[in-house]
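> please find the sequence and the predicted model below.
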Amino acid sequence: MRRWLGPFAVALALLSALLTFLVLTGLSSIEPSPEVVRSFLLINAGTILLLVGIIVREVWQMVQARRRGRAAARLHVQVVSLFSIVAVLPAVMVAVVANVTIERGLDRLFSGPTKEVIQNSLIIARAYVQEHAQVIRGDILGMANDVSRAPLLFDQDRQSFLKLLTSSAAARNLPGAMLMGKDANPILSAETGGVPLAFAPPAPEFLQNVNENEPEIAVLPDQNLVAAVIRLRGFTNTFLYVARPLDPRVVAQLRQTELSVAEYAQIESRKLGIQVAFALMFAVIALTILMASVLIGLNFANSLVAPIRRLMNAAHTVSTGDLNVKVPVHQSEGDLAQLGETFNKMTQELRSQRDELVNASDLIDSRRRFIEAVLSSASAGIIGVDTSGSVGILNRSAEKLIGHSEAETLGHPLSDVLPELDEMMKTSREGTQRLVQGQITITRDGTERNLSVRVSAEKNQPHDSYIITLDDITELVSAQRTSAWGDVARRIAHEIKNPLTPIQLSAERIRRKFGKDITEAKDKQIFEQCTDTIVRQVDDIRRMVDEFSRFARMPKPVMEGEDVADAVRQAVFLMKVAHPEIDIEAEFRDDPLRAQFDRRLISQAVTNIIKNATEAIEQVPPEELGKGRIDVVVSREDEDVLIDVIDNGIGLPKVARSRLLEPYVTTRAKGTGLGLAIVGRVLEDHGGRIELKDASDFREGQRGAWMRMRFAVSGEAKRAEGAEVAAKEAVKEANTPEIKAAAADSVTAQETKHPPGETKEPSEKTNDSTKIEASTGI
């Protein structure tokens with residue numbers, strides 16, 4: 001039914017258009033009355049709507065096909081559009097030419113000359129009447145002037161007045177005259193030719209607007225007369241009425257001219273309707289041709305697009321990765337069939353190549369996964385650098401070491417990510433060796449780390465690449481230094497402590513035995529001063545040796561369930577008593593705070609930190625310090641106990657801050673450098689650590705240092721024990737020449753520059769970093 005609906009609609013539209021054309025042109029026996037024309041236009045409108053419905057349905061199907069992404073939908077639209085344009089252009093051109101022709105013919109009919117001829121005929125006919133109207137106006141004004149002079153005559157002698165009226169009408173070649181009252185009743189009639197008057201008086205309403213100065217003139221075509229009436233001056237409600245006959249032929253011509261002008265105007269008003277009627281007829285024909293063209297285009301497009309659509313569907317299937325598709329080939333399709341055969345050969349070749357690539361890709365993926373597993377599980381940081389110097393590979397260990405995530409590192413220059421490697425990278429690029437080794441120190445988040453670096457170059461000009469291996473040896477170096485200083489401390493304690501008691505006893509015995517023999521006051525004073533100096537220096541040496549021994553043999557902590565807040569409260573109280581000039585305040589955010597810890601060691605650690613804070617405050621000039629203040633804050637964070645000590649003293653150095661935790665590293669002229677090292681060992685034994693920060697990080701704008709002691713609530717020193725075991729194993733197995741040299745240099749420099757018993761006098765120009773380097777020798 002859909003297949004035959006289109007041809008049926010086209011035939012019906014052609015038949016309707018033909019009948020409409022025959023009726024409008026008068027070639028049929030049907031009279032083109034408005035009703036008939038309106039009926040045919042309605043029939044044509046129905047056929048047009050049917051054609052438009054079919055076109056809309058076809059267009060909607062094409063649009064839906066295109067929206068669904070159906071293959072060759074765009075080509076389908078283009079073919080149908082091409083046929084439609086080819087069909088519409090001639091029809092539109094014919095319609096335009098026909099409309100222009102009709103319009104020009106109608107314009108010629110209603111052109112200026114034709115209209116002027118008709119209008120001039122009417123003007124001439126009306127001019128004849130207007131001329132008689134002007135003549136009768138002058139006549140009635142003259143008669144009114146004559147009659148208005150004789151009102152007494154009218155009242156006294158009617159016969160004489162009648163003769164006067166008759167002679168005045170005769171003098172003006174009028175058939176007669178009539179005097180009327182206000183109700184249009186005749187008062188007196190004058191006849192000039194002896195013939196009775198052939199005109200009747202006007203209606204009474206006509207007399208209401210008549211005045212004495214201007215007559216009222218009327219053309220009476222039915223009576224072939226032109227009449228005039230005027231009010232007489234000097235008379236009471238008396239009117240003069242005259243009439244003159246017109247030429248009957250002129251009056252008949254005037255009537256015919258007026259009818260012709262009216263008919264001409266009516267035809268002119270129907271001009272648009274005639275044009276619309278012909279335009280509708282041409283529109284029906286154009287739409288009919290368009291519909292036929294669309295149907296032909298659809299059929300042709302279907303036959304053309306079908307093989308292309310199969311080929312496009314197959315290509316889409318191939319794009320999804322399915323290479324097993326084959327295009328059905330019909331030899332009747334000609335060149336398109338050959339294109340299908342070529343496509344099938346191509347898919348077969350691609351299928352075989354894809355199988356080979358998949359096998360190779362699987363092998364590469366397995367190797368890649370193995371390499372990624374190795375890199376991710378490696379404890380050393382690994383960074384891959386390309387020819388341009390940008391980071392291309394980065395494992396998790398490297399992310400942790402350099403302090404940047406993978407997203408912040410990949411694709412960025414290595415000089416921006418890790419500028420400490422610039423010298424080694426320069427050496428690797430300019431040198432001929434494939435492996436360059438060295439050590440660097442980096443600072444991330446206020447923490448210094450010692451890294452052992454190996455740069456392996458893959459020389460493949462012009463595409464050189466580099467693999468950088470980073471090993472964190474911070475704990476290893478610290479463990480070796482600690483071990484070396486432990487040996488030094490034990491040797492000092494063994495070699496020095498033994499002779500101290502005999503020296504002290506000998507000095508005291510000399511003072512007792514020979515002090516009585518010296519009689520001179522001056523010599524006796526010198527003698528006692530010397531012996532006192534010997535005893536005092538021996539005590540100082542013994543105290544220093546005791547600290548060495550205490551550091552070398554740290555007691556094992558005895559973990560018991562205690563209240564951290566109470567232990568800190570007592571330590572703070574003792575320090576407040578010892579330093580009343582400084583405000584020492586304690587804040588307990590968790591009170592009580594139960595934990596497993598060695599109360600004696602933790603109290604000692606807190607005391608050492610507060611003591612360091614008081615000494616830092618004492619180094620600030622009084623005019624800058626104001627009032628010294630130390631804040632101690634005790635809190636809990638997850639499974640850790642936090643003890644924060646914040647002062648407003650001189651603060652910590654910005655350079656090599658982490659070195660302060662190493663033995664014998666100090667920023668004070670008379671310090672031994674063991675206080676923070678002992679605190680660090682205590683916290684490590686409790687599964688924690690000490691953190692060195694600035695007071696401005698705790699309270700904005702404050703000067704000074706912020707010491708944070710952190711240890712586990714459980715008291716199980718797993719982290720500390722693990723770190724100690726790792727350090728011992730690292731000391732045993734470390735064969736790196738650089739590490740051994742660093743530890744040896746540290747010990748040698750201390751023994752050389754600061755032998756036991758020697759007091760180092762600080763220089764006024766020595767800064768914090770210089771003191772640290774001088775005390776460590778590194």
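Arrived safely. Numbers count the residues shown, from 1 in each chain.
> how close does residue 262 get to residue 31?
Plainly put, residue 262 is 22 Å away from residue 31 if you go by Cβ to Cβ, to the nearest Å. C-betas here are computed from N, CA, C, even on glycine.
> oh sorry, the question was meant for residue 407
When residue 407 is compared with residue 31 (using Cβ to Cβ), they lie 90 Å apart.
> over to residue 617?
According to Cβ to Cβ, residue 617 and residue 31 sit 125 Å apart.
> quick one: which of these two has more around it?
The neighbour count for residue 617 versus residue 31, taken as other Cβ atoms under 10 Å, is higher for residue 617 (22 against 10).
> which secondary element of the protein has the worst mean pLDDT?
Ranking every helix and strand in the chain by mean pLDDT, DSSP states H and E puts helix 768-776 at the bottom, with a mean of 30.
> distance from stretch 119-132 to the middle of the chain?
Put simply, stretch 119-132 sits 82 Å off its chain's centre (Cα atoms, centre = their mean, to the nearest Å).
> and what of stretch 684-702?
On Cα atoms, centre = their mean, the centre of stretch 684-702 falls 42 Å from that of its chain.
> got the buried residues for it?
Within stretch 684-702, the residues that count as buried by 16 or more other Cβ atoms under 10 Å are 684-695, 698, 702.
> now, which of those residues lie within helices?
Among those, the members found in helices (DSSP state H) are 684, 685, 695, 698.
> redo the buried residues of stretch 684-702 as CSV? Include pLDDT and distance to residue 140.
As requested, the buried residues of stretch 684-702 are exported to CSV (pLDDT from 0 to 100; distance: Cβ to Cβ, whole Å):
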residue, pLDDT, distance to residue 140
684, 86, 144
685, 84, 148
686, 88, 144
687, 86, 141
688, 89, 139
689, 88, 138
690, 89, 139
691, 89, 133
692, 88, 135
693, 89, 129
694, 89, 127
695, 89, 128
698, 87, 126
702, 86, 125
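> need the max-distance pair from those.
Taking Cβ to Cβ, the two most distant members of the buried residues of stretch 684-702 are 685 and 702; they sit 31.4 Å apart.
> tell me how far the ends of stretch 227-239 are from each other?
13 Å (Cα to Cα, to the nearest Å).
> quick one: mean pLDDT over it.
Mean pLDDT, stretch 227-239: 84.
> again with stretch 623-630
Rounded mean pLDDT across stretch 623-630 is 84.
> ok so, going back, wait, which of the ones in helices among the buried residues of stretch 684-702 is closest to residue 242?
Distances from residue 242 to those, taken by Cβ to Cβ, are shortest for residue 698, at 129.1 Å.
> ok, the closest one - contacts?
By Cβ atoms under 8 Å, 6 or more residues apart in numbering, the contact set of residue 698 is 644, 646, 706.
> and the longest strand for the chain?
Longest strand of the chain, by residue count under DSSP state E: strand 447-458.
> where along the stretch 351-500 of the chain do the strands fall?
For the stretch 351-500 of the chain, the strands defined by DSSP state E, counting those that start in this stretch occupy 381-385, 391-394, 435-444, 447-458, 465-472.
> okay, angle between the fourth one and strand 381-385 too, please.
In other words, strand 447-458. If you take axes from the mean of the first three to the mean of the last three Cα atoms, to 10 degrees, strand 447-458 sits at 50 degrees to strand 381-385.
> nothing else from me, thank you.
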